[in-house]
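# Return a 3D structure for these sequence lines:
(one chain, ligands or ions: 1)
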Amino acid sequence: MQRLPFTKMHGLGNSYIYINAIETDMTGVDLAELAQQISNVNTGIGSDGLILIAPSEIADVKMIMYNKDGSEGKTCGNGLRCVAKYSYENQLVTSKTFAIETKAGLVDAEVSFIEDQVDVVTINMGEPLLNRSQIPMLGKEQEKIVNEPFQIGDQLLQLTAVSMGNPHAIFFVEDINAAPLYELGPIITNDSRFPEGVNVEFVEIVNEREMNFRVWERGSGVTQACGTGACAATVAAILNGYAPKNGAVTVHLDGGDLEIRLDQHNQVWMTGAAEVTATGTYQLNR
Ligand SMILES: N[C@@H](CCC[C@H](N)C(=O)O)C(=O)O
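Residues are numbered from 1 along each chain as shown. Alright, predicted model coming up:
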């Protein structure tokens, strides 16, 4: 029976089980299966998925992430902030700024402190991808998807799609509390127009610097927060003229706030909290 040391962490309530795969031998472990087991709140630990902090040949550390259903995600904003905090506090890195490899590419992280504890983490999430083929979404490859009619059953919505290394379908609504999250989230996430599935976000504009946000995540369902989703929603708001191109926007998620900024080099910056919930050992059932 293998015992896996773990740390449970969350970014605004979006929780993952983190395994330090630099120090723990994960050879032969079926990660998709482990993600499903460990995420189960009754028979596992309970989380939105699994994240490994692994050695990298091109960055300081590598993040490998799996959703609750065992599907692999290419990146994860809340996960990146937690990986950064864990890496710094466990001396996997020694500098306050360092690079993290993801399946969607490299990102730069910076940790900030209150006394000697990491308080918030800022990540340069890179450039948003807007062409249909980059989302990916079926249709004319080079076209952007901005406020495009999107029929789903008998409802006609207006879609803006953005990839932050993973796909996001953003729908602006008048009232976030009336958004059809549970009704349409599970349908749109598997819609065949998105060949790799999609994360589904409903967004209410409060003013040009603030928005309310709820998400149905691909592979995990409703979560308290989605970092890449908050970045994608900010870009979508700029594309639709709801937010200015410069300066920071505060995104209010169910689990708390993120500050998102698009800079003049078209890079999206995300700043927010990362917290440790528990540490322990997980008994691997194989
Ligand atoms: N919670 C995330 C995104 C996790 C991956 C996503 N469900 C996908 O499959 O693309 C975040 O904070 O960005």
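# which bits of the stretch 1-150 of the chain sit near the ligand?
14, 67, 73, 76, 77, 78, 79 (C-beta under 6 Å from any ligand atom). C-betas here are computed from N, CA, C, even on glycine.
# go again using 8 Å as the cut-off
For the stretch 1-150 of the chain, the contact set with the ligand under C-beta under 8 Å from any ligand atom comprises 11, 14, 48-49, 65, 67, 71, 73-80.
# which of those residues has the most neighbours?
Counting neighbours by other C-beta atoms under 10 Å, the top entry in these is residue 78, with 34 neighbours.
# what are the phi and psi values for that residue?
phi -70, psi -40 (degrees, to the nearest 10).
# one step back: which two among the residues of the stretch 1-150 of the chain next to the ligand are spaced furthest apart?
11 and 71 (19.4 Å; C-beta to C-beta).
# Not counting sequence-adjacent ones, nearest residue to residue 252?
Residue nearest to residue 252 in three dimensions, not counting chain neighbours: residue 212, with 4.9 Å by C-beta to C-beta, 6 or more residues apart in numbering.
# Enumerate every residue touching that neighbour.
Neighbour list for residue 212: 176, 203, 204, 206, 252 [criterion: C-beta atoms under 8 Å, 6 or more residues apart in numbering].
# wait, doesn't the last one sit right on residue 211?
Yep, that's residue 252 we're talking about. Yes - counting by C-beta atoms under 8 Å, residue 252 touches residue 211, with 6.9 Å between them.
# rewinding a little: any idea which of the residues of the stretch 1-150 of the chain next to the ligand is closest to residue 192?
residue 71 (16.5 Å).
# Can you report how many residues lie near the closest residue to that closest one other than its chain neighbours?
Of all residues not flanking residue 71 in the chain, residue 219 sits nearest, at 4.2 Å (C-beta to C-beta, 6+ apart). A count of nearby residues for residue 219, using other C-beta under 10 Å, gives 19.
# Contact partners for residue 219?
By C-beta under 8 Å, 6+ apart, the neighbours of residue 219 are 49, 67, 68, 69, 70, 71, 73, 197.
# let's see it at 7 Å
By C-beta atoms under 7 Å, 6 or more residues apart in numbering, residue 219 lies in contact with 67, 68, 69, 71, 73.
# Kindly reformat those residues as TSV containing pLDDT and secondary structure.
TSV is the format used below for the contacts of residue 219 (pLDDT from 0 to 100; DSSP: H, G, I helix; E, B strand; the rest coil):
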residue	pLDDT	secondary structure
67	98	strand
68	98	coil
69	98	coil
71	98	coil
73	98	strand
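# which one is residue 37 nearest to, not counting chain neighbours?
residue 44 is the one closest to residue 37 (C-beta to C-beta, 6+ apart), at 5.0 Å.
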